[in-house]
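Peer 1: here is my input, please return the structure:
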Amino acid sequence: MQKPNRRLEHQTCIVTGASSGIGKAVAKSLGMEGANVVVNYYQGKKEAEELAHWICENSDCGQAIIVKCDVSKENEVKAMFKKTVSHFGTVDVCVANAGIQLDHPLHKMPLEDWKKVLDVNLTGQFLCAKESIIEFKRRGMRKEVSKSLGKIIHMSSVHEVIPWAGHANYAASKGALLMLMESICQEYGPEKIRCNSIAPGAIKTEINREVWSTKKGAAGMLKLIPYKRIGIPEDIGSVASWLASDESEYINGTTIFVDGGMTCYPGFTTNG
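Peer 2: Predicted structure coming up:
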């Protein structure tokens, strides 16, 4: 288990989609850095409560609350930020992690599933970024806490740059997220707001368990990873907590790929 640290002491972090998988690992990592953590969930209230309890028990100085919110609904996102500010005073970091997959061949993809994936994966991140910036600007700089006015971390994917047949809605949402993140950096960087993305590669979560949990499936995944290890959620959590801290203060408007080298296209090691 990560040892308690205090790089985020006196800061409050919202993590969307935090009741399981990558979001859960991110919330734990931020809590171990001393942050107050808002554990957002859409389904899985019990898991969210258990995570909040874990953070309160294991963090040196951070506390945690849970907030149910559908990030694709503006009124619910506004309510989540309002509750956070009411409870903790402000928001310093937002990790917009919530995302879904609804996979179909393009010619068979229902319009409803195209829209739903973009609503959660792209519009949801826009709404969280918007409310974050509003709160950062309202609150003003707290130099005793951070060198940045506020920090936004988008959870992207290697599929912001790697096409993914059969998953066009997901890949499109992540590709668009790159431009959203860079545009936020360009517009609000002068105000000392930092906005970056983390792009996981193959990570062991429940959504892909049926692949990595079998010998054949794991072998297939490892062919895509030069480092020859499938990632775990904690790999993402450690990057998120560092990216939220002042140790990464001069990093703005970029995507950090956490993928064991997947974006190096290992299929071309022998001339394709």
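Peer 1: stretch 114-125: which residues count as buried?
Peer 2: 114, 117-125 (16 or more other CB atoms under 10 Å). (Each C-beta comes from the backbone N, C-alpha and C, glycine too.)
Peer 1: what do you get for stretch 213-221?
Peer 2: Neighbour-count burial for stretch 213-221 [16+ other CB under 10 Å]: residue 221.
Peer 1: stretch 156-169 now?
Peer 2: Those would be 156-160, 162, 164, 167-169, for stretch 156-169 by 16+ other CB under 10 Å.
Peer 1: and that stretch, how far apart are its ends?
Peer 2: One end of stretch 156-169 to the other measures 13 Å (CA to CA, to the nearest Å).
Peer 1: any stretches of the stretch 51-200 of the chain with poor pLDDT?
Peer 2: By pLDDT under 70, the stretch 51-200 of the chain has no low-scoring segment.
Peer 1: what's in contact with stretch 165-177?
Peer 2: 99, 101-106, 109, 113-114, 117-118, 121-122, 125, 154, 156-157, 159-164, 197, 199 (CB atoms under 8 Å, 6 or more residues apart in numbering).
Peer 1: let's see which of those end up in strands.
Peer 2: 154, 197, 199 (DSSP state E).
Peer 1: got the buried residues for stretch 35-43?
Peer 2: Buried residues in stretch 35-43 (16+ other CB under 10 Å): 35-42.
Peer 1: how about residue 61, nearest residue that isn't a chain neighbour?
Peer 2: Leaving aside its sequence neighbours, residue 61 sits nearest to residue 34 (CB to CB, 6 or more residues apart in numbering; 4.7 Å).
Peer 1: does the one you found touch residue 60 like I think?
Peer 2: Yes: taking contacts as CB atoms under 8 Å, residue 34 lies within contact range of residue 60: 5.8 Å.
Peer 1: of these two, who's got more company?
Peer 2: residue 34 (19 against 13; other CB atoms under 10 Å).
Peer 1: sec struct for that one, please.
Peer 2: coil (DSSP: H, G, I helix; E, B strand; the rest coil).
Peer 1: show me what contacts it?
Peer 2: Residue 34 neighbours (CB under 8 Å, 6+ apart): 4-11, 59-62.
Peer 1: from those residues, which would you call buried?
Peer 2: 7-8, 10-11, 59, 62.
Peer 1: residue 209: neighbouring residues, count only.
Peer 2: 11.
Peer 1: and it, that's in a strand?
Peer 2: No: counting by three-state DSSP, residue 209 is located in no strand; its state is helix.
Peer 1: show me where the chain has strands.
Peer 2: 12-15, 36-41, 64-68, 93-96, 150-155, 193-200, 255-258.
Peer 1: can you add distance to residue 53 and give the ones you listed back as TSV?
Peer 2: Shown next, in TSV, are these (distance: least, CB to CB, whole Å):
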stretch	distance to residue 53
strand 12-15	15
strand 36-41	10
strand 64-68	8
strand 93-96	20
strand 150-155	24
strand 193-200	26
strand 255-258	27
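Peer 1: next one: stretch 90-97 to chain centre, how far?
Peer 2: Relative to its parent chain, stretch 90-97 has a centroid offset of 10 Å by CA atoms, centre = their mean, to the nearest Å.
Peer 1: typo on my end, it should be stretch 181-198
Peer 2: 15 Å.
Peer 1: what comes up buried for that stretch?
Peer 2: Quick answer for stretch 181-198 (16+ other CB under 10 Å): 181-182, 184-185, 188, 192-198.
Peer 1: need the contact list for the residue lying closest to residue 119 once chain neighbours are set aside.
Peer 2: Spatial nearest neighbour of residue 119, excluding adjacent residues (CB to CB, 6+ apart): residue 72 at 4.0 Å. By CB under 8 Å, 6+ apart, the contact set of residue 72 is 116, 119-120, 123-124, 127.
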